[in-house]
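Undergrad: pasting the sequence and the predicted coordinates here, then a few questions.
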Amino acid sequence: MKYYQISASDLGKDSKIPILKLGDSAEVFYEIAAIMIEHIKKNNAQGKRTVYICPVGPAGQYPIFVRLVNKERISLKNVWFINMDEYLDETGNWLPEEHKLSFRGFMNREVYGKIDADLVMPEEQRIFPDPKNPNRIGELLEELGGVDIAFGGIGINGHLAFNESSEVLTAEEFAQLPTRVLEISRETRTINSVGDLGGAIDAMPENCVTIGMKEILSARRLVFGVFRDWHRAVVRQAAYGEVSAHFPASLMQRHPNALIITNGNAAKQPF
């Protein structure tokens, strides 16, 4: 694990995933929003649809995205947002939108609800994976001609969306995992409870529905942002570590057009 000793200045040298090092988190979020905006504008000019896989975490790009869409009068009528995942309640259904942790509630309040009505995409183009019909995501992406860009963050154990690490699958097997319902690991519930519920791990949902690695890795481009203290180790393991199901983000090393964007904080040497 010598990659943990890579300095901030050397981060990105000989990395297996390109790394864009920026200053503070605001720069990371602006860069992600700018990529989203520019690709939509390009596709709109060519009469093409835009299909994104989108996270709620990181989410700092959305206020910038919303402001630019409204200011520049960018139509989203030919844009599809496929959200990565959603927490489930004890009955296996989506958390209600009014729940603090609901990703659907966040997107409706902070994104769709703040974009001018004449610009925002129709409701049927705002997609979340359905725990009752997870196969629909793969079918829809095939109908739409695939994903332009998958955006996201990287979890403490390297998970992308909620694709938790595995000690029994090969990297090749893990890369083929589809959209599905799964149990969230305790380490993920712990780190998420710190950020979202003041450390109340027992109040965190135990299950979720997530877009699979198959759908994420099928995107023509991957753009993932890191910015937290613990991302210092995560970004190094993703970009320099062994490709394995043990650390799912390492599978991005095999993608032909992947990018990790880091702020100065996450670029620091872990120890």
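TA: Looks like it came in fine.
Undergrad: what's the end-to-end length of stretch 92-111?
TA: For stretch 92-111, the first-to-last residue distance is 26 Å (CA to CA, to the nearest Å).
Undergrad: what's the burial count for residue 265?
TA: 17 (other CB atoms under 10 Å). The way it works is simple: take the backbone N, C-alpha and C, and place the C-beta from them, glycine included.
Undergrad: which SS state does it fall under?
TA: Assigned state for residue 265: helix (three-state reduction, DSSP: H, G, I helix; E, B strand; the rest coil).
Undergrad: isn't it right next to residue 229, touching?
TA: Yes. Contact criterion CB atoms under 8 Å: residue 265 and residue 229 qualify, at 6.6 Å.
Undergrad: if I look at residue 190, how far off is residue 199?
TA: According to CB to CB, to the nearest Å, residue 190 and residue 199 sit 8 Å apart.
Undergrad: now swap in residue 60 and tell me
TA: To residue 199, residue 60 is 22 Å away according to CB to CB.
Undergrad: cool, and residue 138?
TA: The gap separating residue 138 from residue 199 is 36 Å, by CB to CB.
Undergrad: also residue 109?
TA: Using CB to CB, residue 109 is found at 24 Å from residue 199.
Undergrad: tell me the secondary structure for the closest residue to residue 267 other than its chain neighbours?
TA: Nearest non-adjacent residue to residue 267, counting by CB to CB, 6 or more residues apart in numbering: residue 8, 4.5 Å away. In three-state terms, and counting by three-state DSSP, residue 8 is coil.
Undergrad: so which of residue 60 and residue 199 has more stuff around it?
TA: Neighbours around residue 60 and residue 199, counted as other CB under 10 Å, are more numerous at residue 60. The numbers are 17 against 12.
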